[in-house]
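In: give me coordinates for this.
(2 chains)
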There are 2 protein chains.
Amino acid sequence: MLGNFSYSNPTKLYFGDEAQKHLVEELKNYGPKVLLTYGGGSIKANGIYDEVMSALSAAGKEVTELPGVMPNPTTDKLYEGATLAREHDVDLILAVGGGSTIDYAKAVSVAAWYDGDPWEKYYLRQEDPDSDLRIIPVGAVLTMVGTGSEMNGGSVITNHATKLKIGKVFGENVMPKFAILNPRYTFSVPQRQMVAGFYDIMCHILEQYLSGDDDNTSDYMAEGLMRSLIHSSRIAVKNPHDYEARSNIMWTSTWALNTLIGKGKSQDWMVHMIGQAIGAYTDATHGMTLSGVSIAYYRHIMSYGLHKFARFATAVWGVPAAGKTDEQLAAEGLDALSAWMKEIGVATEISSLGVTEDMLEGIADATLIMKGGYKVLSRDEIIAVLRESM
Amino acid sequence: MLGNFSYSNPTKLYFGDEAQKHLVEELKNYGPKVLLTYGGGSIKANGIYDEVMSALSAAGKEVTELPGVMPNPTTDKLYEGATLAREHDVDLILAVGGGSTIDYAKAVSVAAWYDGDPWEKYYLRQEDPDSDLRIIPVGAVLTMVGTGSEMNGGSVITNHATKLKIGKVFGENVMPKFAILNPRYTFSVPQRQMVAGFYDIMCHILEQYLSGDDDNTSDYMAEGLMRSLIHSSRIAVKNPHDYEARSNIMWTSTWALNTLIGKGKSQDWMVHMIGQAIGAYTDATHGMTLSGVSIAYYRHIMSYGLHKFARFATAVWGVPAAGKTDEQLAAEGLDALSAWMKEIGVATEISSLGVTEDMLEGIADATLIMKGGYKVLSRDEIIAVLRESM
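Out: Alright, predicted model coming up:
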């Protein structure tokens, strides 16, 4: 049953191969000082940096650069950005990159004018920004898809000292005001990062879909998004420059995690919880940590949500149902998921991501155990899932 | 291929069986004077009027009532509402009803402070409101589903003198600021109106889906929405008080026509164009005018979009594809649609709606011929479709 909820999403999106042309008009809605944040400099090689700088210049902005955002943004980097944003009294933070960069920009936006420790308040204690806090607006130019960060309030930060990688879901006041979604901007992402993003999308949908046993509209939309992703990902892995496939994947990614398909239903975020713990230990690509543990996790909980796993097999993968039990269908659905993972080339063993036997206890300890799934796992079960994933 | 587009939707939705509890807090965002508009008074019989008035009172509002909005709101009614809204200098128009009432509220919102003829400007000439026009904010309490008017800019007005029923799609500045979606508020809608709404939803999805021949994400989402609607409508026609079914249908209805599933793709609105022309001649229920002509229309254009019609059969209706040509699949898909229409009880012959042979030429003349479909119809073809629908 669809539970009670409210829905609104303030982010304005510009989509398409000319989307960046709208950047100048959007920039004009903000004051003159912009903090431009990005990652390792690939945007300089592929020309995106120049296009963004040219828009900033056309809009008459005074730009402070904050490069070097890492794949798993750290607390140290957060403190650095917060200080810079405050010192320069910036009017807008413009994030150019993938989910990590946009997640990071959101963290800086609520850290700059907060006098305490943002890691402790927002991430460790999961508090919201104080109502009188000055939150710096965030805009995004997306160059890698997967996290949906361009249209949601999600922000994941890693504390290396305590080996904790924690996500916070902020409200509408922290979500990007606008995002530029040009599928061509994702063409130069290395294949391994590209497919990790594809699995991240699938995992976001699965975490919302594989929970509850209802006939609600959200699940039907989730099935549509998965079928689109499966279709287009098969084209994109063979030809990453296929605009149609990449554009569909970009759009699917946004809707996979902008709250819509999770509305009114229970959700199970355990794959992300385990994956984030692995991420804190290994710095492996986020999507690969998810793919690495998914199959073992789902096989572990499958019998507790058999009907939904069977539906997943038929509605998403087209497994013929005739004459089969739910057990058989559910197993065939996971086989199909596993085969697709191998086909697109994501990790299916966490040992390939640098996880070693001696880390498993620590990863299990760093895993936040959440409710919402078909089975609430014990610490021992998490270790069992991790061991099966090696 | 997903074409270029921008996306944002400012409407805030409150969904669920306690959604009306949020009305007071929303009302507080506006000035003291509210124009309350509704239809024939059924909301007084079912208690919704009392709940709304109690929220208005709790929020300290001064209420001007504007009842009597008819199923196909007229230009005369529009002029009446515009005068009233201006005379009372209202701060908010609160529409309590279905699509007609909300469509009407939008029309009044841009007519009240416009000095010319709103029918001519917005509907006949399809112009947007002048940038300096004072547009009165609109809020909605939904009591009947189908049109999606609660989260879009659509507004259909009928001019009886010229026998023209014309829709205008306004921008974000005219869309409802908020909408209260309580599935229980739809329980008392008479069965015939309820199922007409179900078909209206299906038709909105089909008008966006049955156009183009792409593999884009929008079409996959459309398939998910259709599958959800088919599933839940079968439950709701047997038990209109099934909360789960009615809530899923309500949510599907909103997403069927809030721009999302039409993003980046061509669309074909000819069933609505023909249906609206019938509506101007007969005052038949909107959804019934659409169901009345759909099968004849789709059979007429099917061969020009065969691949998509075949996909419709397999992906939406689960028609087994093995050993069949696209022609066979497409025909079976329309047979399945037709059988579902009969199952839920919507009109499949326009003669049952009061259309007589002597009206057909006039209806064809009143039909706006649009592009976007697999075949652009001539006036003769529209007459042929109408005749086949008799």
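
In: please make it C-alpha for all contacts and neighbour counts, starting now.
Out: Fine.

In: which residues touch A:M270?
Out: Residues near A:M270 by CA atoms under 8 Å, 6 or more residues apart in numbering or on different chains: A:E207, A:I369, A:M370, A:G373.

In: how long is stretch A:296-307 end to end?
Out: 18 Å (CA to CA, to the nearest Å).

In: greatest separation within the contacts of A:M270: which pair is it?
Out: A:E207 and A:I369 (14.0 Å; CA to CA).

In: the two: which has the busier surroundings?
Out: Comparing A:E207 with A:I369 by other CA atoms under 10 Å in any protein chain shown, the one with more neighbours is A:E207, at 19 against 16.

In: can you tell me how far the more buried one is from A:G197?
Out: Taken as CA to CA, the span from A:E207 to A:G197 is 15 Å.

In: can you list the residues of the stretch 1-150 of chain A near chain B?
Out: Taking CA under 8 Å from any CA of the partner chain as the contact definition, the stretch 1-150 of chain A meets chain B at A:1-19.

In: try it again with 10 Å
Out: A:1-19, A:22 (CA under 10 Å from any CA of the partner chain).

In: can you say which of those residues are buried?
Out: Among the residues of the stretch 1-150 of chain A next to chain B, those classed as buried by 16 or more other CA atoms under 10 Å in any protein chain shown are A:1-2, A:4-6, A:8-17, A:19, A:22.

In: of the residues you listed, which belong to strands?
Out: A:F5, A:S6, A:S8, A:N9, A:P10, A:T11, A:K12, A:L13, A:Y14, A:F15 (DSSP state E).

In: just want the most central residue of chain A.
Out: Nearest to the mean C-alpha position of chain A, by CA atoms, centre = their mean, lies A:T147 at 2.1 Å.

In: my read: that one touches A:D103, true?
Out: Yes. Using CA atoms under 10 Å, A:T147 is in contact with A:D103, at 9.1 Å.

In: which neighbours do these two have in common?
Out: A:G154, A:S155 (CA atoms under 10 Å, 6 or more residues apart in numbering or on different chains).

In: next, A:I93: secondary structure please.
Out: strand (DSSP: H, G, I helix; E, B strand; the rest coil).

In: pretty sure it sits against A:L84.
Out: No. The criterion here is CA under 10 Å, and A:I93 misses it with A:L84 at 11.0 Å.

In: more neighbours: which of the two?
Out: A:I93 (27 against 18).

In: regarding the residue in the stretch 251-390 of chain A that chain B sits nearest to, which helix or strand does it belong to?
Out: Closest residue of the stretch 251-390 of chain A to chain B, CA to the nearest CA: A:T252 (6.4 Å). Element membership for A:T252, per DSSP states H and E: helix A:243-256.

In: could you find the closest non-adjacent residue to the residue nearest to the centre of chain A?
Out: Spatial nearest neighbour of A:T147, chain neighbours left out: A:G99 (5.2 Å); criterion: CA to CA, 6 or more residues apart in numbering or on different chains.

In: quick one: contacts for the one you found?
Out: Taking CA under 10 Å, 6+ apart as the criterion, A:G99 is in contact with A:71-72, A:105, A:140, A:142-150, A:154-156, A:197.

In: buried subset of those residues?
Out: A:71-72, A:105, A:140, A:142-150, A:154-156, A:197.

In: need phi/psi at the residue in chain A sticking out farthest from the centre.
Out: Most distant from the centre of chain A: A:G323, at 38.2 Å, with distances by CA atoms, centre = their mean. Taking degrees, to the nearest 10, you get phi 80, psi 10 for the backbone angles of A:G323.

In: tell me the pLDDT of it.
Out: What the model reports for A:G323 is a pLDDT of 96.

In: just A:D283 next, same as before
Out: So A:D283 comes in at 81 (pLDDT).

In: do the same with A:G16
Out: 97.

In: please name the nearest non-neighbouring residue to it.
Out: B:N4 (4.3 Å).

In: check A:G60 too.
Out: Nearest one to A:G60, counting by CA to CA, 6+ apart, is A:P32 at 6.9 Å.

In: quick one: the one you found and A:A59 touch, right?
Out: Yes. With contact defined as CA under 10 Å, A:P32 and A:A59 form a contacting pair (8.5 Å).

In: tell me the contacts of the residue nearest to A:G16?
Out: A:Y14, A:F15, A:G16, A:D17, A:E18, A:A19, A:L181, A:N182, A:S247, B:K263, B:G264, B:K265.

In: with A:I180 instead?
Out: Listed by CA under 10 Å, 6+ apart, the contact partners of A:I180 are A:12-23, A:26, A:96, A:139-143, A:150, B:6.

In: A:V169 now?
Out: A:D103, A:Y122, A:Y123, A:Q126, A:E127, A:D128, A:N152, A:G153, A:G154, A:S155, A:V156, A:M175.

In: quick check: it vs chain B, distance?
Out: Note on A:V169: its distance to chain B, by CA to the nearest CA, to the nearest Å, is 19 Å.

In: got the CA positions of the longest helix seen in chain A in PDB?
Out: Longest helix in chain A, counting residues (DSSP state H): helix A:217-238. Extracted in PDB, the C-alpha atoms of helix A:217-238 (Å, rounded to 0.1, in the frame of the first residue of the first chain):
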ATOM      1  CA  THR A 217       2.700   2.400  -8.600                       C
ATOM      2  CA  SER A 218       6.200   3.100  -7.300                       C
ATOM      3  CA  ASP A 219       7.300  -0.400  -8.000                       C
ATOM      4  CA  TYR A 220       5.800  -0.400 -11.500                       C
ATOM      5  CA  MET A 221       7.800   2.800 -12.300                       C
ATOM      6  CA  ALA A 222      10.900   1.100 -10.800                       C
ATOM      7  CA  GLU A 223      10.400  -1.800 -13.200                       C
ATOM      8  CA  GLY A 224      10.200   0.600 -16.100                       C
ATOM      9  CA  LEU A 225      13.400   2.300 -15.100                       C
ATOM     10  CA  MET A 226      15.200  -1.000 -14.700                       C
ATOM     11  CA  ARG A 227      14.100  -2.200 -18.100                       C
ATOM     12  CA  SER A 228      15.300   1.000 -19.600                       C
ATOM     13  CA  LEU A 229      18.700   0.800 -17.900                       C
ATOM     14  CA  ILE A 230      19.200  -2.900 -18.800                       C
ATOM     15  CA  HIS A 231      18.400  -2.100 -22.400                       C
ATOM     16  CA  SER A 232      20.600   1.000 -22.800                       C
ATOM     17  CA  SER A 233      23.500  -0.300 -20.700                       C
ATOM     18  CA  ARG A 234      24.000  -3.200 -23.100                       C
ATOM     19  CA  ILE A 235      24.300  -0.700 -25.900                       C
ATOM     20  CA  ALA A 236      26.500   1.700 -24.000                       C
ATOM     21  CA  VAL A 237      29.100  -0.900 -22.900                       C
ATOM     22  CA  LYS A 238      29.700  -1.700 -26.500                       C
END
